[in-house]
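> With the sequence up front, the predicted model follows.
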Amino acid sequence: MSAYLDTHIAVRLADGDLDKLSPAAMQMIGGTDLLLSPMVLIELDYLFELNKIRLSADDVQRKLEFELGVRVCQFSFQEIARVASREQWTRDPFDRIIVAHSRANGISPLISADRLISQNYPRTVW
């Protein structure tokens with residue numbers, strides 16, 4: 001089974017900030033193949049440019065790949081855009097695409113503490 005990491009979860013894992021993760025999230029992280037939507041990488045660089053996080057997207061990706069085997073999802077953008085266009089519960093393009101990746105991959109779990117996501121995507125784990 002695969003599970004996707006939301007952006008803030010990727011940041012926490014890269015920072016080693018595990019004590020802020022829920023037990024359910026930690027169990028999912030330890031027991032599944034972990035994926036990132038490429039949109040997470042874009043959001044990470046956006047946050048880095050705004051000085052809201054200390055590591056760039058490349059640094060986060062390399063660290064998570066080395067430490068946890070996290071891979072970037074390779075689904076076609078055309079498929080993800082088709083699924084994302086149905087995620088009309090938010091105007092946030094990051095959330096739309098990140099959830100679309102999880103949904104397109106057999107409704108995979110998405111590890112996220114975001115309440116709006118969890119209210120609208122039934123496979124959210126937190």
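Structure's in. What do you need?

> where do the strands sit along this protein?
Under the criterion DSSP state E, the chain contains strands at 2-5, 33-36, 71-72, 110-111, 124-125.

> distance of Lys63 from Ala81?
29 Å (Cβ to Cβ, to the nearest Å). No exception for glycine: its C-beta is placed from N, CA and C like everyone else's.

> and Glu77, what does it touch?
Careful, residue 77 is Phe and not Glu. Phe77 sits next to no residue when contact means Cβ atoms under 8 Å, 6 or more residues apart in numbering.

> re earlier: looking at Lys63 and Ala81, which one has more neighbours?
Lys63 (17 against 12; other Cβ atoms under 10 Å).

> pretty sure that one is touching Ala14, no?
Yes - at 4.9 Å, Lys63 counts as touching Ala14 under the criterion of Cβ atoms under 8 Å.

> intersection of neighbour lists for these two?
Common neighbours of Lys63 and Ala14 (Cβ under 8 Å, 6+ apart) are Leu55.

> What lies in contact with stretch 85-92?
Here stretch 85-92 has contacts from 95-96, 99-100, 103, 116, 119-120, using Cβ under 8 Å, 6+ apart.
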